[in-house]
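Asker: Okay, sequence plus prediction incoming.
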Amino acid sequence: MTEINENELNNVTGGANNNIPDTHTVKAGECLSTIAQLYHMTWQKLYDLNKEMIIADAKKHGVKDHFENYIYPGQVLKLK
């Protein structure tokens, strides 16, 4: 039996990921969960896709480690 990865499955079935852009620019007032809802994903998946950038930007802003999932207007988040 041949395995099909998620991207191949979405291409065959017309999955929701086909209409998702590659990136999203954060606007004032947005948070990971509201952005994730726009693109039918969990905030955890969105965070995982952007973890390194989010942590680096949080540290630049002086945010403590346990709040490193903060996002800022102007950040460009990967969606895929």
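Answerer: That came through fine.
Asker: residues contacting residue 32?
Answerer: Contacts here follow C-beta atoms under 8 Å, 6 or more residues apart in numbering; on that basis residue 32 touches 43, 46-47, 69, 71. Backbone N, C-alpha and C define where each C-beta goes, glycine included.
Asker: quick one: pLDDT of the closest residue to it other than its chain neighbours?
Answerer: Excluding its sequence neighbours, the residue lying closest to residue 32 (C-beta to C-beta, 6 or more residues apart in numbering) is residue 43, at 4.1 Å. With respect to pLDDT, residue 43 has a value of 95.
Asker: so what's residue 43 up against?
Answerer: 31-33, 35-36.
Asker: In helices, which of these appear?
Answerer: 32-33, 35-36 (DSSP state H).
Asker: Please convert the buried members of those residues into PyMOL selection syntax.
Answerer: To isolate the buried ones among those in PyMOL, judged by 16 or more other C-beta atoms under 10 Å, type:
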select buried, resi 32+35+36
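Asker: which one among the ones in helices among the contacts of residue 43 gets closest to residue 77?
Answerer: residue 35 (6.7 Å; C-beta to C-beta).
Asker: Tell me the secondary structure at the nearest residue to residue 78 once chain neighbours are set aside.
Answerer: Spatial nearest neighbour of residue 78, chain neighbours left out: residue 49 (4.8 Å); criterion: C-beta to C-beta, 6+ apart. Following DSSP: H, G, I helix; E, B strand; the rest coil, residue 49 is assigned to helix.
Asker: burial of residue 49, as a residue count?
Answerer: 15 (other C-beta atoms under 10 Å).
Asker: residue ranges for the helices of this structure, please.
Answerer: 6-13, 32-38, 43-60.
Asker: residues touching the residue positioned nearest the centre of the chain, list them.
Answerer: Residue closest to the average C-alpha location in the chain (C-alpha atoms, centre = their mean): residue 46, at 2.6 Å. By C-beta under 8 Å, 6+ apart, residue 46 lies in contact with 32, 35-36, 39, 77, 79.
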